[in-house]
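Enquirer: Give me the fold of what follows.
(one chain, ligands or ions: 1)
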Amino acid sequence: MIQFDAVHKRFPNGTTAVHDLSLEMPEGGVTVLVGSSGCGKTTTLRMINRMVEPTSGTIKVNGKDVTQQDAAELRRSIGYVIQQAGLFPHRTVLDNIATVPLLLGWNRKRARARAAELLETVGLAADAGKRYPHQLSGGQQQRVGVARALAADPPVLLMDEPFGAVDPVVRTQLQDELLRLQKELNKTIVFVTHDVDEAVRLGDRIAIFRTGGHLVQCAPPAELLARPADDFVADFLGAERGLKLLSLQTLAAVPQGPAPRGGDWTLVLDPAGKPLHWSSKETELPVRPLKDGDSLLAALNESIASPSGLVARVDADGVLTGVSSRDDIHVHAGQAHSAARVVAA
Ligand SMILES: Nc1ncnc2c1ncn2[C@@H]1O[C@H](COP(=O)(O)OP(=O)(O)OP(=O)(O)O)[C@@H](O)[C@H]1O
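Expert: Now for the predicted structure:
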């Protein structure tokens with residue numbers, strides 16, 4: 001666990017970057033720091049590994065005050081990933097990943113073997129190891145950045161807008177990859193982003209900061225979306241925060257019934273029972289079947305796009321299990337909101 005207790009940071013030029021911050025970041029969880037530009041997110045992050053020293057207050061990592069530890073040693077025990085990866089341009093990818101193990105005194109063979117293993121962990125082909133950073137795409141470089149941070153298996157990972165410089169498709173892939181890795185690795189992660197959707201997707205808890213380094217609210221995403229502490233938080237989450245909450249709920253509990261026959265629209269299946277398209281007398285339109293694990297937001301979207309107003313539901317093999325109506329999805333969307341408000345109260 002990472003604990004901030006009454007932490008204050010004032011830079012020599014008089015700027016207060018962090019104001020009286022008390023915050024706990026649970027072990028094995030992802031805490032996301034969000035807020036407008038200049039509100040103190042990066043300063044907060046960098047105080048954890050002593051790249052910035054607090055003016056007052058204490059920060060403990062796993063019960064130990066960071067200022068009582070050797071700064072270089074502390075940094076080697078905490079993974080750090082930044083935007084555009086920050087890789088060493090004249091070192092191969094493998095050598096980049098092996099940086100911290102080598103600093104820790106591992107022999108070259110062991111460090112290289114660990115680096116090769118991590119390449120695979122972060123979804124890169126083995127031959128990427130021999131290349132130099134500029135020979136990789138931005139998304140691939142970010143993966144190398146994550147691999148480098150994980151090399152010595154640190155319990156804590158600090159990530160400062162790690163996916164900020166890649167396009168939205170690659171960004172989603174990198175987020176998926178991080179969620180997958182986190183299921184296996186259970187690191188204590190502190191993640192800085194500007195992007196509310198990214199925060200909702202990745203965070204077990206989200207801490208929202210206001211200019212001047214004030215923490216306004218820290219809560220799990222569903223609680224934050226259902227009960228923002230004040231107008232600042234509500235505005236920051238955006239007008240469509242109701243829909244964002246639906247992105248956290250699955251479709252599983254929405255009832256389903258048999259696909260209609262003889263109406264305006266018929267759901268056409270292939271011989272294996274997999275939906276092919278919606279068909280009417282005049283035309284055929286695409287169907288986008290959903291699985292139980294898909295979100296209520298995806299279901300709502302599909303219920304609006306579907307010509308029949310029905311959402312086709314399929315099992316893991318893509319075989320039709322039934323259809324859900326627009327009305328049922330709406331009712332569940334409303335119930336999801338009420339439930340989140342009650343839990344948060
Ligand atoms: N070394 C420094 N000296 C003086 N002021 C600084 C220093 N580093 C940061 N600041 C100021 O402290 C405040 C907080 O900066 P910080 O980088 O922590 O914010 P941030 O929320 O991470 O911003 P962004 O989202 O734009 O990266 C800003 O006003 C910034 O200008």
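Enquirer: can you give me the strands for the stretch 1-150 of the chain?
Expert: In the stretch 1-150 of the chain, strands defined by DSSP state E, counting those that start in this stretch lie at 2-10, 16-25, 30-35, 56-61, 64-65, 78-82, listed in chain order.
Enquirer: what's the average pLDDT for the last one?
Expert: Mean per-residue pLDDT for strand 78-82: 87.
Enquirer: okay if I get the strands of the stretch 1-150 of the chain as JSON lines plus distance to residue 108 and mean neighbour count?
Expert: Glycine gets a C-beta too; all of them are placed from N, C-alpha and C. What follows is those, written out as JSON lines (distance: least, C-beta to C-beta, whole Å; neighbours: other C-beta atoms under 10 Å):
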{"stretch": "strand 2-10", "distance to residue 108": "33", "mean neighbour count": "17"}
{"stretch": "strand 16-25", "distance to residue 108": "35", "mean neighbour count": "18"}
{"stretch": "strand 30-35", "distance to residue 108": "33", "mean neighbour count": "24"}
{"stretch": "strand 56-61", "distance to residue 108": "29", "mean neighbour count": "17"}
{"stretch": "strand 64-65", "distance to residue 108": "31", "mean neighbour count": "12"}
{"stretch": "strand 78-82", "distance to residue 108": "21", "mean neighbour count": "23"}
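Enquirer: For residue 336, which of these is the nearest?
Expert: Nearest to residue 336 among the strands of the stretch 1-150 of the chain is strand 30-35 (21.2 Å), distances taken as C-beta to C-beta.
Enquirer: and residue 74, what pLDDT?
Expert: 89.
Enquirer: let me fix that: residue 345
Expert: 53.
Enquirer: thinking again about what came up before, looking at the strands of the stretch 1-150 of the chain, which is nearest to the ligand?
Expert: The ligand lies closest to strand 16-25 among the strands of the stretch 1-150 of the chain, at 3.4 Å (C-beta to the nearest ligand atom).
Enquirer: Start and end of stretch 223-237, how far apart?
Expert: End-to-end distance of stretch 223-237: 12 Å, with C-alpha to C-alpha, to the nearest Å as the criterion.
Enquirer: my bad, should have said stretch 264-277
Expert: 13 Å.
Enquirer: List the contacts of the residue positioned nearest the centre of the chain.
Expert: The residue lying closest to the centre of the chain (C-alpha atoms, centre = their mean) is residue 202, at 2.3 Å. With contact taken as C-beta atoms under 8 Å, 6 or more residues apart in numbering, residue 202 is in contact with 30, 32, 175, 178-179, 191, 193.
Enquirer: now do residue 198
Expert: The contact partners of residue 198, taken as C-beta under 8 Å, 6+ apart, are 32, 163, 171, 175.
Enquirer: from the contacts of residue 202, which ones fall inside strands?
Expert: Within the contacts of residue 202, membership in strands is found for 30, 32, 191, as judged by DSSP state E.
Enquirer: quick one: the closest residue to residue 27 other than its chain neighbours and the ligand, what's the gap?
Expert: Leaving out its chain neighbours, the residue that sits closest to residue 27 by C-beta to C-beta, 6 or more residues apart in numbering is residue 1, at 4.6 Å. Distance from residue 1 to the ligand, counting by C-beta to the nearest ligand atom, to the nearest Å: 22 Å.
Enquirer: Can you show me the helices along this protein?
Expert: Secondary structure of the chain (DSSP state H): helices at 41-48, 71-76, 93-97, 99-103, 108-121, 138-150, 168-185, 196-202, 221-226, 231-237, 241-246, 296-305, 326-344.
Enquirer: May I have the helix or strand of the chain with the lowest mean pLDDT exported as PDB, CA atoms only?
Expert: The weakest-scoring helix or strand in the chain, judged by mean pLDDT, DSSP states H and E, is helix 326-344 (a mean of 80). Extracted in PDB, the C-alpha atoms of helix 326-344 (Å, rounded to 0.1, in the frame of the first residue of the first chain):
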ATOM      1  CA  ARG A 326     -34.600  -2.200 -26.000                       C
ATOM      2  CA  ASP A 327     -37.100  -1.700 -23.100                       C
ATOM      3  CA  ASP A 328     -35.400  -4.400 -20.900                       C
ATOM      4  CA  ILE A 329     -32.000  -2.900 -21.600                       C
ATOM      5  CA  HIS A 330     -33.300   0.500 -20.700                       C
ATOM      6  CA  VAL A 331     -34.900  -0.700 -17.400                       C
ATOM      7  CA  HIS A 332     -31.600  -2.400 -16.400                       C
ATOM      8  CA  ALA A 333     -29.600   0.700 -17.300                       C
ATOM      9  CA  GLY A 334     -31.800   2.700 -14.900                       C
ATOM     10  CA  GLN A 335     -31.500   0.000 -12.200                       C
ATOM     11  CA  ALA A 336     -27.700   0.000 -12.600                       C
ATOM     12  CA  HIS A 337     -27.700   3.700 -11.800                       C
ATOM     13  CA  SER A 338     -30.000   3.400  -8.800                       C
ATOM     14  CA  ALA A 339     -27.900   0.500  -7.500                       C
ATOM     15  CA  ALA A 340     -24.600   2.500  -7.900                       C
ATOM     16  CA  ARG A 341     -26.200   5.400  -6.000                       C
ATOM     17  CA  VAL A 342     -27.300   3.200  -3.200                       C
ATOM     18  CA  VAL A 343     -23.900   1.500  -2.900                       C
ATOM     19  CA  ALA A 344     -22.200   4.800  -2.900                       C
END
